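Participant: quick one: sequence plus predicted model below, questions after.
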Amino acid sequence: MKRLVALLLVLMLALTGLTALAEGGKTKVVFWYSLGGTNAEVIASMVEAFNASQDKIEVDAQYQGEYDDAINKLKATAMGEALPFDIVQTYEIGSRFIIDSKKMVPVQTYIDKTGFDTSVIEPNLLAYYTIDGVINSVPFNCSTPLMYYNKTAFDEAGITEIPTTVDGILEIAEKLATFDSEGKLDRAGFLFSNYGWFFEQWTGKMGREYVNNGNGRESYATKVAFDENGAALDLFNMWKKISENKYTQYIERGGTGQSRAAFAAGKTAIFLASTANLAGVLANVGDSFEVGTAFFPYVNAEDKGGVSTGGGTLWMVDSGDEAKMDASWEFIQYMINPENQAIWNAKTGYFPINMKAHDTDTFKENIAKFPQFQTALDQLHASGPEYVGSLLSVFPEVRQYVEDVTEEVFLKGLSPEDAVTKLTNLANDAIEMYNLTNY
Amino acid sequence: MQARKPQPPILNPGIKKGKKSLYEHIEPWLFMLPALLVFSVFLFYPLFKTIYLSAFLTNSVGQPKVFYGFKNYLDILTGRYSASFWNSMWVTLRFVFFVAFGSLLLGLTTSLLTSKKFPGRAFASAIYAMPIAIASAAAAMSFKMIFHPSIGLINRLFGTTVNWLNDPAWAFPVICMISIWLASGINYIFISAGLRNIPDELYESASIDGAGYWRQQRHITLPSLSPTLFFQIIINVIGAFQSFTQVRLLTMGGPNETTNVIVYSIYLDAFRNFRFGSAAARSIVLFVIIMIVTLIQFRAERKVHYQ
């Protein structure tokens, strides 16, 4: 028995040695990503396909938790010398922070070096990540907010005109709401998620700026702009209107998961969420009712702005190791090639960032199956690149303050004017502190 | 658990006092060296580093940039962050009180229920001990759906329409209840073990003397269990002070900061707001508070009865 165990051990050692030898010629690239659930499975299968497709590069994809977790790990390791990865996926609002950390190489360097044709990438998405005139990172999982509605409920209520403003939603909420035998709200007309991202998107929809210095793009922001240009006041007034409407409900903060679950269960006729939810919403709803999608609503009827991208992007680490950096770029190009972006789009609901993906069969089949996705594309193309969205170092913090203050408007009855003052002070204080210690 | 007060060392009368060789001076330190090394790396170094950081403003990756002296402390105690800080202090104290005693009480009740043999006891024990095997993150995610305002189990069962986790009046009690339940498993296990260590003769002689059930619990079970209960309270208090997962996943400190416990506020300061200096100052304040609480508890230990 002992001999057998010893033999097995030797065999195992020999085998690991062999595999190590076999992999010896490969360049190893570590890829940190931050998507969970089915999205993670898609990433894993794309990475696997890449590793199988050639024998020079071995990509090791590692899940690092949510975007915040990945950024925190990045912070923790940024103090040391070398970063333990070569490619990292982060959220769009982390861009300024990552540039400030000076650990990444702008992908522009590699675009120029390999003559990569950037005209195939959706210009509105690319514009977000073009900072100080260079493309810093590659848009990968991109989304915009969308309005989801229960088309069956709309038909039953005889509503044919889909609202384009929040006021429009509030007007039809009464018709869409249903009550149970005890007179309690069973299906809300509209569920409101208190999500800082929407505040940013609505500011863009109004065509106004979030922070100063050209929305933080000409140079780093030194204070918020939403107080002086009235965006915040308009939004808090709108919040107040929503909170006073009996047929709508405040449901959650910091995300849209709860309202999505309620929507799928038929407990609300309308909710707002990222386009990335589309595949999931359709799967959750199944055959119980028909799902419609429409543009993210305007705040005021006369608004002319547009939505900007949310989601994630791929950064390349400036490791100084040419072979690894070349390999990383090779892998990034693979991830955004037309075929992969079509698969990515079909399986997750994120945009195909490569416009050539529109010609693939995968994409055509998917859009025929889910015509709702066309709305997302139309909305993206209808938004001008001037509404590209802001850059701000302390975005995660300010987003929380937005949610804090919104909560107070909803739950404590804070007046919109006081809400603006409070939010502005908190945000400017945070920006000032960051700038003092980082620039 | 049989912690006793340190006794004065018993000196061997054969050894001359005051004249120790060099080796005798070094020897005790040699024995302590491994423990000291471990403590230095994982306790003393982080403690001093935290104190050091608390005197600075840091940049986004936590490097000290601007010397700030005591102002980080002033900011949280009386300055710009004071409202939020004192709120989270108050939330934490209430939270610790409810969770430490709530889970103790739940653990004590459940272990008394299963102390006698009855059919199905093993099953009941497994149910009561189960929370210990459940990851708090998994439990939090389940409770998120259970307390969902429109499709959650609770609202269905009771016919209510409360938005439990987003209502300032309800979020705190709900978080407390979930935490009590999560901590009750470990309480159940320790208290059950404690119960089994109480000799049956005590109960026998008590019942011969005519003591009823409650009297037996009051005069036999509680004093005999007191070392276990004392230990459990300390564990519960420390555990409750460190609660984070439930708050992070269920309420993110809201609504209106009604569930913003101090550990969560430290996390927000350091990892969301990039203010490691201010977070370090909060940590030191928390450290001082836990130290005071623990000292008070050890004073109370005098009431504990060791066999």
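Facilitator: That came through fine. Numbering: from 1, shown residues only, chains lettered A, B, ... in the order given.
Participant: assign a three-state SS to the closest residue to residue B:60 other than its chain neighbours, would you?
Facilitator: Leaving aside its chain neighbours, residue B:60 sits nearest to residue B:274 (4.5 Å; criterion: C-beta to C-beta, 6 or more residues apart in numbering or on different chains). C-beta: built from backbone N, CA, C; applies to glycine. Assigned by DSSP: H, G, I helix; E, B strand; the rest coil, the conformation of residue B:274 is coil.
Participant: ok, residue B:274 - contacts?
Facilitator: If you count contacts by C-beta atoms under 8 Å, 6 or more residues apart in numbering or on different chains, residue B:274 has them with A:75, A:394, A:397, A:434, B:58, B:59, B:60, B:62.
Participant: now swap in residue A:380 and tell me
Facilitator: Shown in contact with residue A:380 (C-beta under 8 Å, 6+ apart): A:122, A:124, A:125, A:144, A:307, A:309, A:351.
Participant: for chain A, what's the nearest residue on chain B?
Facilitator: Residue of chain B nearest chain A, by C-beta to the nearest C-beta: residue B:150 (3.7 Å).
Participant: correct me, but that residue touches residue A:264?
Facilitator: No: contact criterion C-beta atoms under 8 Å: residue B:150 and residue A:264 do not qualify, at 10.7 Å.
Participant: for residue A:61, give its distance to residue A:362.
Facilitator: Going from residue A:61 to residue A:362 by C-beta to C-beta, to the nearest Å gives 21 Å.
Participant: same question, residue A:189
Facilitator: The spacing between residue A:189 and residue A:362, counted by C-beta to C-beta, is 37 Å.
Participant: more neighbours: these two, which one.
Facilitator: Just comparing residue A:189 and residue A:362: by other C-beta atoms under 10 Å in any protein chain shown the higher neighbour count belongs to residue A:189, 25 against 19.
Participant: and that one, which of the three is it?
Facilitator: Secondary structure for residue A:189, judged by three-state DSSP, is strand.
Participant: what stretches of chain B score poorly on pLDDT?
Facilitator: Applying pLDDT under 70 to chain B flags residues B:1-18, B:307.
Participant: for it, which residues are neighbours of chain A?
Facilitator: B:57-63, B:65-66, B:80, B:144-145, B:148-151, B:159, B:161, B:163, B:165-168, B:252, B:254-257, B:268, B:271-275 (C-beta under 8 Å from any C-beta of the partner chain).
Participant: just the C-alphas of stretch A:322-335, formatted as CSV.
Facilitator: The C-alpha trace of stretch A:322-335 is given here as CSV (Å, rounded to 0.1, in the frame of the first residue of the first chain):
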residue,chain,number,x,y,z
GLU,A,322,7.5,43.7,-23.2
ALA,A,323,6.5,40.1,-23.9
LYS,A,324,3.7,40.2,-21.3
MET,A,325,2.4,43.5,-22.5
ASP,A,326,2.4,42.4,-26.1
ALA,A,327,0.6,39.2,-25.1
SER,A,328,-2.0,41.3,-23.1
TRP,A,329,-2.7,43.5,-26.1
GLU,A,330,-3.1,40.3,-28.2
PHE,A,331,-5.7,39.0,-25.7
ILE,A,332,-7.6,42.3,-25.5
GLN,A,333,-7.8,42.4,-29.3
TYR,A,334,-9.2,38.9,-29.2
MET,A,335,-11.8,39.8,-26.6
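Participant: thanks a lot, see you next time.
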